[in-house]
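S.K.: My questions are about this predicted structure, shown below with the sequence.
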Amino acid sequence: MSELFGTLPDGTPVHRWTLERAGVRVRVLSYGGIVQSVRVPDRAGRAADVVLGFPDLDGYLAHPEPYLGALVGRYANRIAGARFTLDGRTYALEPNNGPNSLHGGARGFDKRVWDVTPAEHGVRLSRVSPHGEEGFPGRLEVAATYSLRADGALRIAYEAVTDAPTPVNLTNHSYFNLAGSGDTGGHELRLAASRYTSVNADLIPAGDPRDVSGTRFDFRAARKVGGGYDHNFVLDKGVTDAPVEVAELHDPASGRVLTVATTEPGLQLYTGDHLDGPFAPGDGVALETQHFPDAPNRPDFPTTVLRPGEVFRSETVYGFGVR
């Protein structure tokens, strides 16, 4: 089911699609591929919205930087110096995070209107990112299918093809608050990650991934998430063909549980410490499944290069339950 959600300043309409199954209701926007809301019940059966979002299009246009619920690309996370070298050629990108490129540049996928068509128990969003968009090479045909499984889990499956070598790294940037409101510092988090990528002052990976043992980055056993995180965790499973569960977020008060399964090798934990406007720091936790930040400049990291004749595929499943 779709409805008009608003109109961009240039007159382009933005539509909202509603998906419902197994007691879960998800709303997705054609603008930015945004997951606007996810309503799920608590242990008493009371439903609440567990992702941060705005009630109207103006909110997203006025506050773009938190990337609330957005489909992020062409490259999620940061690329150092807003440049990379591929096959002997250096490409200059749009710096939009100090000297670096963040989440695809000033007008990444989160600020584009996507074509939306119905899919089984969901919707398929697609667009063509032309050669040179935000400095990235190659004409990229990209699609993301949002669907609800029989158990109410939200599945996001990405696909892309290109006519020239280019880095591709896609994610969803939803901020979860399983209580429905308030601070998430008391949420309990478990991550199947024995290493993390330490970063410099610009949040660019520095050196080799480090062992989490004995540090505040050790979430191998569930504990309160607290705050102060904007770091990539190296998932123990690596890249997989099918999604493997790598994270669990639990709100003891409501009983709600979020599980995250993915094919990706990394997960960026961001505790929303810089949220502002209508939201306060700590109001949401982002669990961004992805390849590692600055991988185009780090040949030791899992590659993000997509070449002609190949198909980029990535899948993440967000499961909802109670205990």
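M.R.: Yep, it's here. Numbers count the residues shown, from 1 in each chain.
S.K.: Quick check: closest non-adjacent residue to the residue nearest to the spatial centre of the chain.
M.R.: In the chain, the residue lying closest to the centroid (C-alpha atoms, centre = their mean) is N172, at 2.4 Å. Nearest residue to N172, sequence neighbours excluded (C-beta to C-beta, 6 or more residues apart in numbering): I156, at 5.6 Å. Where you see a C-beta, it was placed from the backbone N, CA and C, and this is true even at glycine.
S.K.: who does the one you found bridge with?
M.R.: Y146, T316 (DSSP bridges).
S.K.: Tell me, how many residues neighbour it?
M.R.: 25 (other C-beta atoms under 10 Å).
S.K.: is it true that it touches E264?
M.R.: No. Judged on C-beta atoms under 8 Å, I156 makes no contact with E264 at a distance of 11.2 Å.
S.K.: Need the overlap of contacts for those two.
M.R.: Residues touching both I156 and E264 (C-beta atoms under 8 Å, 6 or more residues apart in numbering): T316.
S.K.: Look at R313 and tell me its secondary structure.
M.R.: Secondary structure, DSSP: H, G, I helix; E, B strand; the rest coil: R313 is strand.
S.K.: Work out for me the element the nearest residue to it once chain neighbours are set aside sits within.
M.R.: Once flanking residues are discounted, R313 sits nearest to E159: 5.7 Å by C-beta to C-beta, 6+ apart. Using DSSP states H and E, E159 falls within strand 154-162.
S.K.: With Y60 instead?
M.R.: Taking DSSP H and E as the definition, Y60 sits inside helix 57-62.
S.K.: what's near enough to touch A164?
M.R.: For A164, the contact set (C-beta under 8 Å, 6+ apart) comprises H131, P137, G138, R139, P308.
S.K.: could you redo the last one with a cut-off of 10 Å?
M.R.: By C-beta atoms under 10 Å, 6 or more residues apart in numbering, the contact set of A164 is L86, D87, H131, F136, P137, G138, R139, L140, L306, R307, P308.
S.K.: Identify, from the residues you listed, the entry nearest to V123.
M.R.: Nearest to V123 out of those is L140 (C-beta to C-beta; 20.0 Å).
S.K.: Do I have it right that the closest one meets T166?
M.R.: Yes. Between L140 and T166 a contact is recorded at 6.3 Å, counting by C-beta atoms under 10 Å.
S.K.: For these two, list the residues in contact with both.
M.R.: In contact with both L140 and T166: R74, S129, H131, A160, L306, F312, using C-beta under 10 Å, 6+ apart.
S.K.: The second one: how many residues sit nearby?
M.R.: If I follow you right, that is S129. By the criterion of other C-beta under 10 Å, S129 has 23 neighbours.
S.K.: so who does the residue lying closest to it once chain neighbours are set aside touch?
M.R.: Leaving aside its sequence neighbours, S129 sits nearest to L140 (C-beta to C-beta, 6+ apart; 4.2 Å). By C-beta under 10 Å, 6+ apart, the contact list for L140 reads 73-74, 109, 127-131, 133, 160-164, 166, 168, 306, 312.
S.K.: G284 and D251: what is the separation?
M.R.: 12 Å (C-beta to C-beta, to the nearest Å).
S.K.: My error: substitute Y75 in the last question.
M.R.: Using C-beta to C-beta, Y75 is found at 32 Å from D251.
S.K.: the more surrounded of those two?
M.R.: Y75 (31 against 23).
S.K.: Who is that one paired with across the strands?
M.R.: When assigned by DSSP bridges, Y75 has beta-bridge partners N169.
S.K.: wait, isn't it in contact with H291?
M.R.: Yes. Using C-beta under 10 Å, Y75 makes contact with H291 at a distance of 8.9 Å.
S.K.: what do those two both touch?
M.R.: Common contacts of Y75 and H291 (C-beta under 10 Å, 6+ apart): P167, V168, N169, L170, T171, T304.
S.K.: if I look at the fifth one, how far off is T289?
M.R.: Going back to what we said before, that points to T171. Here T171 is placed at a distance of 6 Å from T289 (C-beta to C-beta).
S.K.: Please enumerate the shared neighbours of those two.
M.R.: Here T171 and T289 have A76, I156, T262, E264, G266, L267, Q268, S314, T316 as joint contacts, going by C-beta under 10 Å, 6+ apart.
S.K.: wouldn't the residue nearest to R313 be in contact with V142 here?
M.R.: Yes. The pair E159 and V142 qualifies as a contact (C-beta under 10 Å) at a distance of 7.2 Å.
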